[in-house]
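Asker: Predicted model, plus sequence, below.
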Amino acid sequence: MNSIDLNDLPTLKELSIIAYKWLSEHYPKFDHQPNFDLSHEIGFPIRWKTKMEGELFEWVVSDMGSITLRLGGVEGNRRNPAPIFYLSLRKLEGDVFSWADPEGNPVSFPNPSVIEDVRSRVQLYLDSRT
């Protein structure tokens with residue numbers, strides 16, 4: 001794995017926008033408001049709330065290549081609530097980037113398999129509350 005430098009910032013931002021587009025299609029805003037207009041400059045971090053399994057969650061996409069799903073209801077109003085799902089970009093050889101989970105395992109993203117990963121993490125959280 002290589003270090004990320006200043007020259008990589010535009011690439012990280014571009015990949016973050018791609019991630020946002022994909023996530024917002026699969027996890028729309030809970031209040032059915034339209035997603036951000038991508039023809040205008042996007043302000044980072046991008047945040048939006050979505051409902052899954054009847055609960056409110058918040059997605060946060062940073063321009064530095066990270067994706068976080070966290071609590072979005074009253075519990076999510078805490079400062080920095082714990083992530084339920086998290087991915088970040090890592091730099092491989094040359095100028096190749098790959099999404100990875102917190103343990104550094106590569107994750108194929110965007111990919112429909114992520115939907116199942118998110119679903120299982122959300123269910124794990126919901127089960128832990130009972």
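Answerer: Nice, I can see it.

Asker: pretty sure T50 is touching E25, no?
Answerer: No - using Cβ atoms under 8 Å, T50 is not in contact with E25, being 11.3 Å away. (Each C-beta comes from the backbone N, C-alpha and C, glycine too.)

Asker: neighbour-wise, which of the two wins?
Answerer: T50 (19 against 10; other Cβ atoms under 10 Å).

Asker: Is it correct that that one falls within a helix?
Answerer: No - T50: not assigned to a helix; according to DSSP: H, G, I helix; E, B strand; the rest coil it is strand.

Asker: State the distance from the residue nearest to it when sequence neighbours are not counted to M52.
Answerer: Residue nearest to T50 in three dimensions, not counting chain neighbours: Y27, with 4.3 Å by Cβ to Cβ, 6 or more residues apart in numbering. Distance, Y27 to M52, by Cβ to Cβ, to the nearest Å: 7 Å.

Asker: Overlap of the contact sets of these two?
Answerer: V118 (Cβ atoms under 8 Å, 6 or more residues apart in numbering).

Asker: Can you give me the distance of the most centrally placed residue in the chain to E14?
Answerer: The centroid of the chain falls nearest to I67 when counting by Cα atoms, centre = their mean (2.5 Å). Plainly put, I67 is 14 Å away from E14 if you go by Cβ to Cβ.

Asker: do the same with Y27
Answerer: When distance is defined by Cβ to Cβ, Y27 is 20 Å away from E14.

Asker: Compare these two (neighbour count), which wins?
Answerer: Neighbour count, other Cβ under 10 Å: between Y27 and E14, Y27 has more, with 18 against 13.

Asker: From what I see, the more buried one and V61 are in contact.
Answerer: No - with contact defined as Cβ under 8 Å, Y27 and V61 do not form a contacting pair (11.1 Å).

Asker: any low-confidence regions in this protein?
Answerer: Where the chain drops to pLDDT under 70, the residues are 1, 32-40, 73-79.

Asker: Helices of that one, start to end?
Answerer: 9-26, 113-128 (DSSP state H).

Asker: got a markdown table for the ones you listed, with distance to W99 too?
Answerer: Converted to a markdown table, those look like this (distance: least, Cβ to Cβ, whole Å):
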| stretch | distance to W99 |
| --- | --- |
| helix 9-26 | 8 |
| helix 113-128 | 9 |
